[in-house]
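Colleague: Starting from these lines, generate the structure:
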Amino acid sequence: MKFLLLATYDWYMYNFKLPIAEELQGRGHDVVLVTPPGEYAEKMESNGYRVRKWQLDRHSMNPLKEIRSVLHLLLIYAQERPSIAHHFTAKGILYGSIAATVTGISSVVNAVTGGASAFGNVISKTNVVYRGVQWGLKRLFQFVLAGTGVIFQNPDDLESFVSQGLVAEERCHVIKGSGVDLSSFQPAPEPEGTPNILLAGRLLWNKGVGEFVEASRILAQEGKSARFVLVGNTDSSNPMSVSEEQINEWEQEGLVEWWGFQEDMPAVFTQMHIVSSPSYYREGVPKVLIEAAACERPIVTTDMPGCREIVRDGVNGVLVPPEDSVALASALSDLLENPERRREMGARGREIVREEFSVEQVVSETMSVYEEVAEKSGVTAHSETTAV
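Modeller: Model (predicted):
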């Protein structure tokens, strides 16, 4: 069988979805990776993957650019004719499903990987245009998800979609995140010296970067000693991105250290005492928190969908209210003062990852979804079996 995996940026495919491609290839299937061009598309090609480079600007709202992107995707689908197409992220789901429908590809899996509040059931804004866009998005997703298998990373997103009639419950599956390689993310003793607290990921305001910095300010005013470390890049094309100028200003105040993008995250975790993600963005399941738990680091994060999937409050970390820097500072302070509690939480975190979030488990569950979708659609392999 031929599988097509579609993502709206190459970094996402490279870092999150290659284990699925590896498993499919290991089972003898043909795999095509479709992403926009970039550094990681080149890396995937150099590693032997077949990559189709899609003309897409993932932040564009220009109708002409979007039409061009859809037409290019239609060409790719018509040429490749995959047995099963698997789409990731909102724009990937929308455009990929349209391309599959037009080209007659009936076996489709759509993965909702967070951000569901963009068309979710909580509309806090009263602007007529905003509400109109929300309504239109819901109708579009209701159309493209019909007849497809849908994977959610947490039950909150599943319940939101089902309750709004966007997808039938019997077509839904929950697979918790992208998994983590436990052989790569290993425990290590805490380093000596001043405790380090990490926030890693895209440096967006709604990822809680502002609250993280304010917690640093609060603890400094209380005389607590800790280094607050930011790891990740800014994104000038995203309106929610924190500017480099702002981060540099925080550094000059002594509130944070900015380490930029780090390729070797296991090495970063060995230098940390606590990992924090005060996000109020609608997450799937943040991979950085799974990785932190695998490295036996306690987590302080928000009681939000996705974030609370990996953290058991008081067991392997602490949940705090979103957009509450005071509560965040208090939780961090408690852990800074209790090294033994940090170690206990870290050990329990790795046990939770082994039980629920290993990459082997995620890949196995994904293969089961493919088998179910293929069976429902009547897709057969070139051999005598439909088994994926």
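Colleague: Now for residue 184, how many residues are close by?
Modeller: 13 (other C-beta atoms under 10 Å). Every residue, glycine included, has its C-beta placed from N, CA and C.
Colleague: so where does residue 85 fall, helix or strand?
Modeller: Residue 85 belongs to strand 84-88 when assigned by DSSP states H and E.
Colleague: Which neighbouring elements make contact with that strand?
Modeller: Contacting strand 84-88 under the criterion 3 or more C-beta pairs under 8 Å, 6 or more residues apart in numbering; DSSP states H and E are the following elements: strand 2-6, helix 90-102, strand 108-112, helix 359-377.
Colleague: Name the SS class of residue 342, please.
Modeller: State at residue 342, reduced to three classes by DSSP: H, G, I helix; E, B strand; the rest coil: helix.
Colleague: mind starting the numbering at 23 from now?
Modeller: New numbering, starting at 23: the last item is residue 364.
Colleague: Tell me the spatial nearest neighbour of it, not counting adjacent residues.
Modeller: Nearest residue to residue 364, sequence neighbours excluded (C-beta to C-beta, 6 or more residues apart in numbering): residue 320, at 4.9 Å.
Colleague: Provide a list of residues in contact with that neighbour.
Modeller: 296-297, 338-340, 357, 363-364, 367-368, 371 (C-beta atoms under 8 Å, 6 or more residues apart in numbering).
Colleague: In CSV, list these along with pLDDT, neighbour count and secondary structure.
Modeller: Compiled in CSV, the contacts of residue 320 are given as follows (pLDDT from 0 to 100; neighbours: other C-beta atoms under 10 Å; DSSP: H, G, I helix; E, B strand; the rest coil):
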residue, pLDDT, neighbour count, secondary structure
296, 98, 25, strand
297, 98, 27, strand
338, 98, 25, coil
339, 98, 32, strand
340, 98, 24, strand
357, 98, 22, helix
363, 98, 14, helix
364, 98, 21, helix
367, 98, 25, helix
368, 98, 25, helix
371, 98, 29, helix
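Colleague: farthest pair in those residues?
Modeller: Greatest spatial distance in the contacts of residue 320: 297 and 363, 14.8 Å, computed using C-beta to C-beta.
Colleague: Just to be sure, residue 291 is in a helix?
Modeller: Yes. Counting by three-state DSSP, residue 291 is part of a helix.
Colleague: Would you mind measuring from it to residue 183?
Modeller: Separation of residue 291 from residue 183 (C-beta to C-beta, to the nearest Å): 33 Å.
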